[in-house]
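*Asks:* Structure for this input, please:
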Amino acid sequence: MTGRLVRLRPARWWYGVAALLVLALAAWLIGFSSVLGVRSVNVVGARTVTAAQVRAAAGIRPGTPLARLDLAAVRDRLRAVAPIRTVTVSRSYPATVTIRITERVAIGYRPVDPGTGGGAVLLVDRDNVAFRTVSAVPKHLPRLLVPATGASATAAALVAGALPAAIVAKLASVSAPSEQSVTLSLRDGRSVLWGGTDRSADKARLLAVLLGRPGRYFDLSDPSAVTSRLDPGN
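*Replies:* I've put the predicted structure just below:
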């Protein structure tokens with residue numbers, strides 16, 4: 001052995017141990033430490049609800065590892081907030097959660113106490129969801145003369161939701177003896193038999209034109225054969 005250099009090779013098992021240690025550290029950093037945890041929650045789309053209210057309802061604890069954040073649970077908590085219609089939740093490394101919401105838009109109202117003509121009312125959206133209570137009747141929305149639930153209530157909400165805001169503001173009420181006989185009553189005394197919810201886009205376009213013409217009663221139930229009369233009884 002005189003004059004010869006002996007090179008000692010590290011045992012190969014050490015490489016395996018080192019790799020496992022690196023993987024364990026990465027798993028801990030990603031899944032259990034606050035290094036890649038939530039430090040900011042961005043809220044997009046909040047208008048009538050505040051960003052602070054959205055964050056509170058989301059219930060995301062600061063420092064929660066992003067990888068372990070239950071996005072579905074966050075969405076479910078936010079969907080329980082009445083004014084929120086849709087919500088998406090996403091995460092961006094290293095430390096951000098983004099919540100995007102769309103709020104419900106009122107298309108009409110119904111009294112909290114149907115037996116009274118005034119007082120507090122419930123704002124209702126196109127999905128027939130009552131999402132907010134206000135203390136006075138809104139001047140730009142029609143009263144929904146339908147039960148709170150059922151096919152006729154759903155139809156009335158869908159029809160009001162298909163109308164542009166400028167026409168909705170002219171309505172005094174929306175009634176629906178059945179889901180196929182939705183009727184609009186305007187503030188100036190005119191009335192419109194809308195019919196069912198089919199072809200609502202076509203009916204809305206026709207109504208915008210008809211309101212600029214003479215007539216006290218319009219039948220839009222069949223948009224291919226519209227009729228108008230000066231006297232609803234004739």
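*Asks:* ok, Ala155 - contacts?
*Replies:* 176, 179-180, 182, 196-197 (Cβ atoms under 8 Å, 6 or more residues apart in numbering). Bear in mind the C-beta positions are built from the backbone N, C-alpha and C, glycine included.
*Asks:* who wins for neighbours among the residues you listed?
*Replies:* Val182 (28 neighbours; other Cβ atoms under 10 Å).
*Asks:* Need phi/psi at it.
*Replies:* Torsion angles at Val182 (phi, psi; degrees, to the nearest 10) stand at phi -70, psi 130.
*Asks:* Quickly list what it is bridged to.
*Replies:* Gly195 (DSSP bridges).
*Asks:* Isn't it up against Trp194?
*Replies:* Yes - with contact defined as Cβ atoms under 8 Å, Val182 counts as touching Trp194 (4.3 Å).
*Asks:* For Ala201, see how far away Ala208 is.
*Replies:* The gap separating Ala208 from Ala201 is 11 Å, by Cβ to Cβ, to the nearest Å.
*Asks:* try Ala151
*Replies:* 21 Å.
*Asks:* Beyond the lowest-mean-pLDDT helix or strand in the chain, next helix or strand please.
*Replies:* Least confident element among the helices and strands of the chain, by mean pLDDT, DSSP states H and E: helix 12-31 (a mean of 57). Going down the chain from helix 12-31, the next helix or strand is strand 40-44, by DSSP states H and E.
*Asks:* Just checking: what are the partner strands of that next one?
*Replies:* Assessed with DSSP bridges, strand 40-44 is paired to strand 96-103 (parallel).
*Asks:* Domain-wise, how is the protein divided?
*Replies:* 40-103, 140-229 (automatic domain parsing).
*Asks:* show me where this structure has helices.
*Replies:* Taking DSSP state H to define them, one finds helices in the chain at 12-31, 51-58, 71-79, 151-162, 165-168, 200-210.
*Asks:* Between Ala151 and Ala201, which has more neighbouring residues?
*Replies:* Ala151 (13 against 9).
*Asks:* Just confirm that one contacts Gln180, I think it does.
*Replies:* No - contact criterion Cβ under 8 Å: Ala151 and Gln180 do not qualify, at 9.3 Å.
*Asks:* how many neighbours does Arg75 have?
*Replies:* Neighbour number of Arg75 under other Cβ under 10 Å is 17.
*Asks:* List the contacts of it.
*Replies:* Contacts of Arg75 (Cβ under 8 Å, 6+ apart): 87-89.
*Asks:* among the residues you listed, which ones are buried?
*Replies:* For the contacts of Arg75, a burial check counting by 16 or more other Cβ atoms under 10 Å picks out 87, 89.
*Asks:* Which one of the contacts of Arg75 is nearest to Leu220?
*Replies:* Of all the contacts of Arg75, Val87 has the smallest distance to Leu220: 35.1 Å, by Cβ to Cβ.
*Asks:* Tell me which residues touch that closest one, please.
*Replies:* By Cβ under 8 Å, 6+ apart, the contact list for Val87 reads 75, 78-79, 99-102.
*Asks:* can you do 7 Å?
*Replies:* For Val87, the contact set (Cβ atoms under 7 Å, 6 or more residues apart in numbering) comprises 75, 78-79, 99-101.
*Asks:* Check Leu145 too.
*Replies:* 173-175.
*Asks:* so what's the residue sitting nearest the centre point of the chain closest to, chain neighbours aside?
*Replies:* Central residue of the chain (Cα atoms, centre = their mean): Arg85, 1.5 Å from the mean position. Of all residues beyond its chain neighbours, the one nearest Arg85 is Arg104 (4.7 Å), with distances taken as Cβ to Cβ, 6 or more residues apart in numbering.
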